[in-house]
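> after the sequence you'll find the predicted model.
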Amino acid sequence: MNTRRGGSIASNPVLIGAATMLVVLVAVFLSYNANNGLPFVPTYQLTAEVPNASGLIKGNEVRIGGARVGVVSRIEAFSRPDGSTGARLVLKLDAAQPELPKDSTILVRPRSPLGLKYVEITTGRSRETLANRATIPLSAAKVEPVELDEFFGMFDEPTRAGQADSLIEWGNAFAGRGDDLNRAFRDLGPLLDHATPALANLVAPATQFDELFPAFAQAAREVAPVALAQARMFEGLDRTFAAFSSVRGPLQESISGGPPALDVATRELPAQAGFVKDSTVLFRKLRPAFRSLADASPGLASAFRTGEPALRRAPALNTRLVSALEAVEAFAADPRVEPGVEKLGRFATLLEPTAAFVAPAQTTCNYLALLFRNVASAVSESDVVGSFLRFGVIAMKQGPNSEAGPSSAPANGPAVPTTAANLPFADSFLHANPYPNTAAPGQVHECEAGNERYQVGGQAIGNQPGDQGTFSERIER
């Protein structure tokens, strides 16, 4: 009995083999094109500018929040107007991903310690979005962090050789100094005890210590353009230290003499503290004088200009001074001079209290200058016969104990009628201050003469109560 075979694909080895090869070819095609995104998946394109695309290759992933949203389809370099370079990345993103806000930022980050990298996009909050084929500017690229491979890459062969030499030199420096190190570590205890409050103050919010290292970073950015000049400076320092090595003997002697010098300074500087303190007080008192130099500088300049010709004639004057100094020498050698100087000293000693009492009348109150000015003003008018004194007569009404005639007691009122239209009555009270205060020792520090206030309706004899101040009329120059 004949049995007929079925016509299904499963029973045909040729068709099964062909189907298997087709599936393998499709898988290989998809794997080969995975770097450019899966085929038949709609995408939209963005261009991003970054300062450095080192380690980034075509086909690396683009992620948002850790999720893959696209790939890098092309990388090309470009030059900026300032001469620096950067990299331009063409990104293919999944069209299902919403359009990115315009203020989104971009960062190239490592995917693994082996050097594989990817592009991370941090979406912004702007309502404006980046359309298809838009460009993310360089300003949106975050500062590239130091990668692990870059960190290990700095230990190149010259660096490793330098580190080895440093370790050898450090070993030589510490060799045989164990006791010194033990004493140093023992003495670190008091230092750390005192350092604790000092460091607490250092990191206090008021010191703004957290801004120190950002300031260092800013300073580093500022000096980056002069890196070549700094390299030349270090080359010069290398030559300088090489020259120092040739004179290390004298230098070593100088360094060995340093501790005794420091011991002397430790012993002597406290003794000089009093001098430094007095000097500080002196210069503090001299500050007003230094400030007044600015106002006096025009006069000083004129004096210097006038003094220059005089200084040119000074040699001739010095020659003539020889005879004068010889005469002074003969005078000093005269035996009669010493007794005279002693008597003059006693006279100055006797005159000192009087001078101390009278001097403030001029130095504080300017009374002597005012006296000469007023006297000169009083006799300033004259005729063909001569000068005469200017004065005015004040007529007083006659009354009991009036100042207009004889009285048995100082005038003490009452008010008397007057002929003045605007002053129907005038006080008949004595106002006298025979010994006014002139800021002399033992007196109130005030310039009372000429500054007494008239007490209406009362007698005023002697010093007035209160402080009249040290103001007196100044002579205009």
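Good, I have the coordinates. Numbering: from 1, shown residues only.
> following whichever strand or helix holds residue 286, which helix or strand shows up next?
If you go by DSSP states H and E, residue 286 is part of helix 258-312. Using DSSP H and E, the helix or strand that follows helix 258-312 in sequence is helix 314-333.
> pretty sure residue 390 contacts residue 374?
No: between residue 390 and residue 374 there is no contact under C-beta atoms under 8 Å: 10.5 Å. In this view, the C-beta of every residue, glycine as well, is placed from N, C-alpha and C.
> burial of residue 55, as a residue count?
Residue 55 is flanked by 15 other residues according to other C-beta atoms under 10 Å.
> next one: residue 450
Residue 450: 13 surrounding residues under other C-beta under 10 Å.
> can you pull the contacts of it?
370, 472-473 (C-beta atoms under 8 Å, 6 or more residues apart in numbering).
> rerun at 6 Å
Applying C-beta atoms under 6 Å, 6 or more residues apart in numbering to residue 450 gives no contacts.
> tell me the secondary structure for it?
coil (DSSP: H, G, I helix; E, B strand; the rest coil).
> so where is the stretch 301-450 of the chain shaky, pLDDT-wise?
The stretch 301-450 of the chain contains residues with pLDDT under 70 at 394-399, 415-427.
> now the strands for it?
In the stretch 301-450 of the chain, the strands defined using DSSP state E, counting those that start in this stretch lie at 416-417, 425-426, 431-432.
> how many other residues sit next to residue 87?
Residue 87, neighbours per other C-beta under 10 Å, totals 19.
> number the chain from 58, please
Let's use 58 as the start, then, which means that last one is residue 144.
> pairing partners for the helix or strand encompassing it, with directions?
For residue 144, the enclosing helix or strand under DSSP H and E is strand 142-151. Strand pairing for strand 142-151, using DSSP bridges, gives strand 100-107 (antiparallel), strand 124-136 (antiparallel).
> okay, those strands in CSV with mean pLDDT and distance to residue 310 next?
As requested, those are exported to CSV (pLDDT from 0 to 100; distance: least, C-beta to C-beta, whole Å):
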stretch, mean pLDDT, distance to residue 310
strand 100-107, 87, 58
strand 124-136, 88, 58
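> please identify the deepest-packed of the ones you listed.
Stretch with highest mean neighbour count among the strands paired with strand 142-151: strand 100-107 (a mean of 20; mean count of other C-beta atoms under 10 Å).
> with just CA atoms, put it into CSV.
Output of strand 100-107 as CSV, limited to C-alpha atoms (Å, rounded to 0.1, in the frame of the first residue of the first chain):
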residue,chain,number,x,y,z
THR,A,100,14.1,59.6,14.7
TYR,A,101,14.8,63.3,14.8
GLN,A,102,18.2,64.9,14.7
LEU,A,103,20.0,67.4,17.0
THR,A,104,23.5,68.9,16.8
ALA,A,105,25.3,69.5,20.1
GLU,A,106,28.6,71.3,20.7
VAL,A,107,30.9,70.1,23.5
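> run through who's touching that strand.
Counting by C-beta under 6 Å, 6+ apart, 94, 143-150, 152, 163, 165, 189-193, 195, 198 sit against strand 100-107.
> separation between the residue nearest the centre of the chain and residue 256?
Centroid check for the chain by C-alpha atoms, centre = their mean gives residue 264 as the closest residue, at 14.3 Å. Distance, residue 264 to residue 256, using C-beta to C-beta, to the nearest Å: 11 Å.
> shaky segments in the stretch 158-307 of the chain?
170-172, 200-209.
> mind listing what residue 370 touches?
Applying C-beta under 6 Å, 6+ apart, no residues contact residue 370.
> and it, its phi and psi?
Per-residue torsions, residue 370: phi -90, psi 0 (degrees, to the nearest 10).
> tell me the spacing between it and residue 377.
10 Å.
> and if you look at residue 393?
27 Å.
> burial count for the closest residue to the residue nearest to the centre of the chain other than its chain neighbours?
Nearest residue to residue 264, sequence neighbours excluded (C-beta to C-beta, 6 or more residues apart in numbering): residue 258, at 7.0 Å. Neighbour count for residue 258, taken as other C-beta under 10 Å: 11.
> residues in contact with the helix or strand where residue 258 lies?
Applying DSSP H and E as the criterion places residue 258 in helix 235-259. Helix 235-259 has contacts (C-beta under 6 Å, 6+ apart) with residue 266.
> after it, which helix or strand is next?
Where DSSP H and E defines the elements, the next helix or strand beyond helix 235-259 is helix 269-280.
> buried ones among the contacts of strand 100-107?
94, 144-150, 163, 165, 191, 193, 195, 198 (16 or more other C-beta atoms under 10 Å).
> farthest pair in the residues you listed?
94 and 195 (25.0 Å; C-beta to C-beta).
> residues contacting residue 440?
By C-beta under 6 Å, 6+ apart, residue 440 has no neighbours at all.
> oh sorry, the question was meant for residue 486
So residue 486 contacts 468, 470, 515-516 (C-beta under 6 Å, 6+ apart).
> ok and the helix holding residue 258 relative to helix 269-280, angle-wise?
Using axes from the mean of the first three to the mean of the last three C-alpha atoms, to 10 degrees, the inter-axis angle of helix 235-259 relative to helix 269-280 is 100 degrees.
> any idea how far helix 235-259 is from the chain center?
Between the centre of helix 235-259 and the centre of its chain there are 31 Å (C-alpha atoms, centre = their mean, to the nearest Å).
> identify the residues contacting residue 165.
Listed by C-beta under 6 Å, 6+ apart, the contact set of residue 165 reads 107, 113, 174, 176.
> 8 Å - rerun?
107, 109-110, 112-113, 174-177, 201.
> possible to save those residues as a markdown table with distance to residue 293 and secondary structure?
Below are the contacts of residue 165 laid out as a markdown table (distance: C-beta to C-beta, whole Å; DSSP: H, G, I helix; E, B strand; the rest coil):
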| residue | distance to residue 293 | secondary structure |
| --- | --- | --- |
| 107 | 37 | strand |
| 109 | 32 | coil |
| 110 | 37 | coil |
| 112 | 37 | coil |
| 113 | 40 | coil |
| 174 | 40 | strand |
| 175 | 45 | strand |
| 176 | 44 | strand |
| 177 | 44 | strand |
| 201 | 33 | coil |
